[in-house]
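> Sharing a model prediction with you, sequence too.
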Amino acid sequence: MTGSATDGEAPAVDAVSCSGLRYSFGETRAVDGLDLTVRDGECFGLLGPNGAGKTTAIRCMTTLLPVPASLVHVFGHDAAREPMAVRRLLGYVPQQLSADAGLTGRENVALFARVFDVPRRERARRVGQALAAVGLTAAADRLAQTYSGGMVRRLELAQALVSAPRLLILDEPTIGLDPIARTNVWEHINAVRAATGMTVLVTTHYMDEADQYCDRVALMHRGRVRALGTPAELRRGLKDRLGTDGPLPTLEDVFRDVAGSGLDDQSGDFRNVRSTRRTASRVG
Ligand SMILES: Nc1ncnc2c1ncn2[C@@H]1O[C@H](COP(=O)(O)OP(=O)(O)OP(=O)(O)O)[C@@H](O)[C@H]1O
């Protein structure tokens, strides 16, 4: 864990800190020595090709996958030693569908409020606030099965927000959405950030979103970070390295430069493709 201390001030605690994180599924090393710090209050993008290890890394941070002690900290709490403290601090929107189509929007969010132990007397207010924060007040009492893909994604956002997390982790929050719905999801995320100072960690395959909305990004490839910085720094760095005149390269150019031959048949597998398509089709 790192933090910059100035005279008389307590050192800032990072939202997430991973050092030398490894995780394997049998023979497959999904995360291979990941060093990563997400600062308190920033919007941090974790990018990388299919199979790079992004979801696995996130699942380690959320305590959904077990990790050895001292490798992952969330606001200073060790994910292995203090999993409950870590869980209380974060909201997680996974790639997979987490809303129940047979419940109304309000009932879905209320369910999460109960699971996250929001005090009973505050629940109705907090559920209403979370729905309002994502623009679903008018649709709150309709069944989720009547929602569009963008509304489902915003409902899942409300579910994660109802516990007022200090850290919101979003795994491909806009996958399969049309451009207007994508912008809309981001506007709601940013409004909550502005109001609360919440930290956001997001994975996305949309480089334009990372460029526009993330303060810093890490490009992951084959289980570890290959490039890290603000989108502007990474783009400038590539331009300087290539020594070319002309416009600044895009973040997509940086991505291709880092992943390079990694965007090959080794990258991802049938399981990745299937899960990505499923996610895209259910929100589409
Ligand atoms: N439950 C699992 N069982 C076996 N292998 C897995 C499992 N989950 C992930 N893997 C493997 O671990 C590696 C990293 O996968 P992971 O899902 O973390 O990548 P990712 O960067 O999130 O990919 P995507 O962008 O497609 O979501 C891949 O080779 C994947 O096949």
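It's in. Numbering: from 1, shown residues only.

> quick one, longest helix in this structure?
helix 179-196 (DSSP state H).

> Can you pull the poorly scored residue ranges out of the chain?
1-11, 261-284 (pLDDT under 70).

> now the helices for it?
Counting by DSSP H, the helices of the chain are 54-61, 83-89, 105-115, 120-133, 149-161, 179-196, 207-213, 231-242, 251-259, 270-283.

> now the third one and helix 120-133, what's the angle there?
This means helix 105-115. Between helix 105-115 and helix 120-133, the angle comes out at 130 degrees (axes from the mean of the first three to the mean of the last three Cα atoms, to 10 degrees).

> and helix 105-115, how far out from the chain's middle?
Put simply, helix 105-115 sits 21 Å off its chain's centre (Cα atoms, centre = their mean, to the nearest Å).

> So residue 38 versus residue 58, what's the distance?
Distance of residue 38 to residue 58, given as Cβ to Cβ, to the nearest Å: 11 Å. For glycine as for every other residue, the C-beta is placed from the backbone atoms N, C-alpha and C.

> shared neighbours, the two?
residue 201 (Cβ atoms under 8 Å, 6 or more residues apart in numbering).

> follow-up on the earlier one: hmm, who's touching the longest helix of the chain?
43, 133-135, 148-150, 153-154, 157, 161, 164, 168, 170, 173-174, 177, 198, 200, 206, 209, 212-213.

> cool, and stretch 221-236?
Stretch 221-236 has contacts (Cβ under 8 Å, 6+ apart) with 22, 29-36, 48-49, 52-53, 210-211, 214-220, 237, 248-251, 253-254, 258-259, 262.

> what's the span of stretch 38-57, first residue to last?
13 Å (Cα to Cα, to the nearest Å).

> So which bits of that stretch are buried?
Going by neighbour count (16 or more other Cβ atoms under 10 Å), the buried part of stretch 38-57 is 38-40, 42-57.

> Now do the same contact list for the closest residue to residue 89 other than its chain neighbours.
Nearest non-adjacent residue to residue 89, counting by Cβ to Cβ, 6 or more residues apart in numbering: residue 166, 5.0 Å away. For residue 166, the contact set (Cβ under 8 Å, 6+ apart) comprises 15, 75, 89, 90, 198, 199.
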